[in-house]
Structures are given as structure tokens and as C-alpha cells.
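In: I would like the atomic coordinates for the input below:
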Amino acid sequence: MDKIIRCIILLVGLVIAHFGVTLYLLVDLGADPFNVLVQGIHRTVSGIDGLQWITHGNIHIMMCLLIIAVLFMIDKSYVKIGTVICMVFGGPIIDFFSIICYNVCIRIIFSYFGGKRMRTVIGIDIGGSTTKIVGLRSDGAEQTLIEPIFVRATDAITSVYGAFGKFTMQNGIELKDIDRVLMTGVGASFIDKPLYSLECEKVSEFRCVGNGGLYLSGLDEAIVVSMGTGTALVHAKRAPDGTTAIDYLGGTGVGGGTLLGLTKKILGVDTISHIEQLCEGGDLSKIDLTIKDITQQGQFPEMSINLTASNFGNVSDIATKADIALGVINLVFETIGMVSVFAARNHDLRDVVLTGNLTTVERAPEVFGTLNKMFDMNFIIPELAQFATVIGAALQ
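Out: Now for the predicted structure:
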């Protein structure tokens with residue numbers, strides 16, 4: 001009977017001691033040497049594909065078993081019933097309190113005293129040749145955007161692993177700090193396994209476009225245009241309760257692919273930077289037909305005489321490569337712009353948020369600025385517009 005009481009007291013002490021161990025493991029400010037060793041082995045082993053189920057407590061038991069085996073070889077008189085109890089119950093107690101403290105105690109204490117636990121959500125947009133990645137760091141009720149990056153690779157899987165590794169290393173983000181990983185884009189379908197032991201959630205690309213556009217523009221309602229290889233349009237509207245309604249409106253096949261394809265075939269140039277250099281000094285009057293070319297002044301007072309009547313409808317025999325390059329850029333942007341105008345008017349809106357890689361083309365603000373004046377629109381190219389979709393993914 002005396003031994004039973006002593007074992008119960010030992011168990012109570014063990015519970016109290018390992019509750020303390022759990023607390024200083026959770027606050028992640030360091031631990032005693034033994035648990036630092038256990039923690040290091042746990043983080044290494046649980047990062048191996050297929051071994052994510054292993055807990056700190058499992059490693060704790062294994063290490064204790066190893067120490068007891070050594071004691072048996074040196075002097076087994078040191079091994080008593082209390083030694084076995086500590087070995088068997090120590091690890092499970094830590095695992096039990098880890099779950100309870102993380103899900104209940106820590107959150108209540110941080111909430112009550114105003115403390116904040118930094119957590120990160122990762123958004124990844126996997127395209128055909130580039131992958132974009134961004135992070136949203138939550139600090140209580142506030143969210144801080146971690147500057148996005150992109151990497152190029154011919155293979156989607158290579159691209160996403162490269163982007164993830166580069167992003168986390170540059171920003172000092174550890175796997176344990178990441179709450180969720182959300183993926184979108186055409187290449188997301190190729191990722192069917194956890195990313196460095198982190199489960200990945202697939203999210204709708206159109207929803208990401210809408211959420212990202214509203215977030216970057218600060219608007220509550222707008223037509224959001226994604227100018228990628230092709231062009232997609234969504235109507236995004238934020239409700240008072242914080243939810244966002246996203247309606248896919250359609251789009252056009254005219255986009256970045258059109259720009260690169262035409263300039264490659266006609267001019268032998270297939271990179272945006274080279275196209276921009278080539279179009280410097282170009283003259284649209286040698287390429288496009290405008291209203292003033294086909295009407296008398298004042299015939300249509302409600303219409304700007306500088307409005308394009310026909311893209312490439314007035315190609316001159318002396319048109320240069322610069323003129324043609326400028327004409328192709330104008331064709332792509334005016335087509336996207338007019339489709340956007342129709343969509344906005346259909347929803348009684350003026351605000352159109354432009355996103356996607358084409359927003360980085362230097363001529364974009366000029367062309368869409370002209371359309372603003374002609375059609376009383378408000379085309380907006382927000383900062384980081386090329387990363388709107390991946391930002392929208394992280395916001396899900």
C-alpha cells in the first residue's frame with residue numbers, strides 16, 4: 001500500500017514537472033539540455049516524408065528507453081519502478097499537455113493579456129513557367145504582408161519547391177510558424193503531396209483574383225481583371241460581414257500570350273523587356289486607324305476623335321519595327337480595356353482593378369489612363385498588382 005501511494009505521488013510530480021516542460025516547449029525560448037536534444041531529433045525526424053505522425057513524446061520515450069538500456073549495462077540497480085514510470089508516462093504527458101495548452105490555455109492567456117502569437121499563411125500561385133509566393137503574417141487581429149517573390153522554372157514541381165525554399169529562407173520563416181499553405185494556378189494540380197510535411201490546400205484562381213484585387217486597391221467592390229497569358233474578369237464585392245462574393249464574368253484570349261506571340265512572329269522578339277525597348281519612339285498613327293482619320297471634326301461630338309477605330313487598320317508602308325511593337329501593345333491593352341469597360345458598365349461600376357504580369361509593362365498606365373478619360377472609367381494599377389492572385393490565395 002505504501003508503495004502504491006508513493007507511486008501516485010511520483011505520478012503527480014511527473015505530471016506537474018512535464019506540464020512545465022510543455023510550457024517552455026510551447027513558448028519556444030529554449031529548454032533544458034535533455035529536451036533540447038529530444039526537440040531537435042523530433043523536428044528532424046517529423047520533417048521526413050511519411051514520419052509526420054511522430055511526436056515529441058514518442059522521441060522522449062525512445063530516448064529514455066535508450067538511457068535505461070545503457071544503465072542496465074552499467075549498473076541495473078539504478079533502474080527502479082519510478083524509472084520505468086517516468087519512461088512510460090513522461091512522453092505521453094507532454095503530448096497531452098501540448099494539445100491542451102496549444103488549443104486552449106495559450107490562446108486564452110494571449111487573448112486575455114493582449115499577447116500575440118505570430119503565425120504565417122503562405123500563398124502560392126503556380127503558373128506554366130513561373131511560381132509566385134507570398135506570406136501573410138498574423139499578429140493578433142492585424143495582418144502583415146511579407147513581400148512576394150517569383151521564380152522561373154520549366155517544371156511546376158521544381159518551381160514551387162524552389163520558390164518555397166527561397167521565400168522561407170529570405171524571410172526567416174520556420175516550418176513550425178506556418179499555419180496553412182494555399183495554392184492556386186494551373187500548376188497546382190501537379191502538387192498532390194505535402195510540401196515539406198505541410199498539407200497544401202487548393203483554392204479557386206478566380207476567387208484569388210477577386211480577393212487580391214480588392215485587398216490591393218482597398219475597394220469594397222470592383223471589376224478585377226487578371227492580365228496573364230489570356231485575360232479573365234471577375235466581379236468582386238465585399239459584404240459588411242467581411243465575406244466576399246466573387247462572380248467570374250468571362251474574359252478574352254487576348255493577353256500576354258498574344259503580345260509575345262505576335263511580336264515573336266512579326267519582329268523576332270519574345271521578351272517583354274525587349275518589346276518595351278523596341279517600341280520606344282514608335283508612332284501609332286502609322287499603325288492604327290482612329291476616328292479622326294475617317295470622320296469630319298465634330299461629326300460625333302460624344303466620341304473622342306483619338307479613339308481607335310481599327311487596330312492595325314492604317315499600317316503605313318514606312319512603318320518601323322518600333323511602330324509595329326507599339327501597335328501590338330496598344331492592340332492588347334485596348335482590347336482588354338474595352339472588355340473591362342463593358343463589364344463595369346454592366347454592373348454600374350467605374351472602378352476596374354488591373355492585375356497580372358502585364359501591369360508591369362511601362363505603356364500600361366498611359367493606355368489605360370487614356371481610356372479613363374475617354375469612357376469616364378477608373379482603371380487602377382495598384383502596387384504589387386502582378387502578385388494580386390497569389391496574395392488573394394493567402395487571404396482565403
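
In: Any stretches of this structure with poor pLDDT?
Out: 26-29, 46-53, 101-118, 139-141, 153, 298-303 (pLDDT under 70).

In: Not counting sequence-adjacent ones, nearest residue to the most centrally placed residue in it?
Out: Central residue of the chain (Cα atoms, centre = their mean): G123, 2.2 Å from the mean position. Take G123 and drop its neighbours on the chain: the residue closest to it by Cβ to Cβ, 6 or more residues apart in numbering is A394, 3.0 Å away. For every residue, glycine as well, the C-beta is placed using N, CA and C.

In: coming back round to it: can you list phi and psi of the residue nearest to the centre of the chain for me?
Out: The phi/psi pair for G123 (degrees, to the nearest 10) reads phi -110, psi 140.

In: Strands of the stretch 151-300 of the chain, start to end?
Out: Under the criterion DSSP state E, counting those that start in this stretch, strands of the stretch 151-300 of the chain are mapped to 178-184, 200-202, 221-227, 231-238, 244-252, 289-290.

In: Throw these into TSV and include distance to H347 and mean neighbour count, thanks.
Out: Formatted as TSV, these follow (distance: least, Cβ to Cβ, whole Å; neighbours: other Cβ atoms under 10 Å):
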stretch	distance to H347	mean neighbour count
strand 178-184	24	21
strand 200-202	28	15
strand 221-227	7	28
strand 231-238	6	22
strand 244-252	9	16
strand 289-290	29	17
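
In: Kindly reformat those as JSON lines containing distance to D155.
Out: As requested, the strands of the stretch 151-300 of the chain are arranged in JSON lines below (distance: least, Cβ to Cβ, whole Å):
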{"stretch": "strand 178-184", "distance to D155": "16"}
{"stretch": "strand 200-202", "distance to D155": "17"}
{"stretch": "strand 221-227", "distance to D155": "23"}
{"stretch": "strand 231-238", "distance to D155": "24"}
{"stretch": "strand 244-252", "distance to D155": "27"}
{"stretch": "strand 289-290", "distance to D155": "44"}
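
In: Looking at these, which is nearest to D192?
Out: Each of the strands of the stretch 151-300 of the chain has some distance to D192 by Cβ to Cβ; the shortest is strand 200-202, at 8.8 Å.

In: Which other helices and strands does the closest one contact?
Out: Helices and strands touching strand 200-202, by 3 or more Cβ pairs under 8 Å, 6 or more residues apart in numbering; DSSP states H and E, are strand 178-184.

In: mind giving me the domain ranges of this structure?
Out: Domains of the chain are assigned by automatic domain parsing as 2-113, 119-202, 221-386.

In: Can you give me the distance of A232 to R207?
Out: According to Cβ to Cβ, to the nearest Å, A232 and R207 sit 12 Å apart.

In: try G213
Out: 11 Å.

In: shared neighbours of the two, anything?
Out: Common contact partners of G213 and R207 (Cβ atoms under 8 Å, 6 or more residues apart in numbering): G392.

In: who's more crowded, these two?
Out: Taking other Cβ atoms under 10 Å, G213 and R207 do not tie; G213 has more neighbours (30 against 21).

In: Pull up the gap between that one and E221, please.
Out: Taking Cβ to Cβ, one finds G213 at 11 Å from E221.

In: and for those two, which residues touch both?
Out: Residues touching both G213 and E221 (Cβ under 8 Å, 6+ apart) are A236.

In: ok, which stretches of the stretch 151-300 of the chain are helices?
Out: Under the criterion DSSP state H, counting those that start in this stretch, helices of the stretch 151-300 of the chain are mapped to 156-170, 205-217, 256-267, 272-278, 291-294.

In: Name the residues of the last one that come out as buried.
Out: If I follow you right, that is helix 291-294. The neighbour-count check on helix 291-294 (16 or more other Cβ atoms under 10 Å) flags I291 as buried.

In: ok, back up a step: what bridges to the residue nearest to the centre of the chain?
Out: Beta bridges link G123 to V134, L182 when assigned by DSSP bridges.

In: sorry, back to before: highest mean neighbour count out of the helices of the stretch 151-300 of the chain?
Out: By mean neighbour count, with neighbours taken as mean count of other Cβ atoms under 10 Å, helix 205-217 ranks first of those at a mean of 26.

In: Check which helices and strands it sits against.
Out: strand 119-126, strand 221-227, strand 231-238, strand 244-252, strand 351-355, helix 388-394.

In: Serialize those to a markdown table and add fields for distance to A343.
Out: Below are the helices and strands packed on helix 205-217 laid out as a markdown table (distance: least, Cβ to Cβ, whole Å):
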| stretch | distance to A343 |
| --- | --- |
| strand 119-126 | 23 |
| strand 221-227 | 5 |
| strand 231-238 | 5 |
| strand 244-252 | 5 |
| strand 351-355 | 8 |
| helix 388-394 | 17 |
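
In: for those, which one sits closest to P92?
Out: Distance to P92, taken as Cβ to Cβ, is lowest for strand 119-126 among those, at 26.5 Å.

In: what's the angle from that closest one to helix 156-170?
Out: With axes from the mean of the first three to the mean of the last three Cα atoms, to 10 degrees defining the directions, strand 119-126 sits at 150 degrees from helix 156-170.

In: List the residues that contact the residue nearest to G123.
Out: Taking Cβ under 8 Å, 6+ apart as the test, what A394 contacts is 121-123, 134-136, 182.

In: Kindly recompute the last result at 6 Å.
Out: 121, 123, 134, 136 (Cβ atoms under 6 Å, 6 or more residues apart in numbering).

In: Kindly report the same for F190.
Out: For F190, the contact set (Cβ under 6 Å, 6+ apart) comprises 156-157.

In: what about the helices in the stretch 1-150 of the chain?
Out: Using DSSP H, counting those that start in this stretch, the helices assigned to the stretch 1-150 of the chain run over residues 2-26, 33-46, 56-75, 81-100, 106-113.

In: pretty sure I223 contacts A344?
Out: Yes: between I223 and A344 a contact is recorded at 4.8 Å, counting by Cβ atoms under 6 Å.
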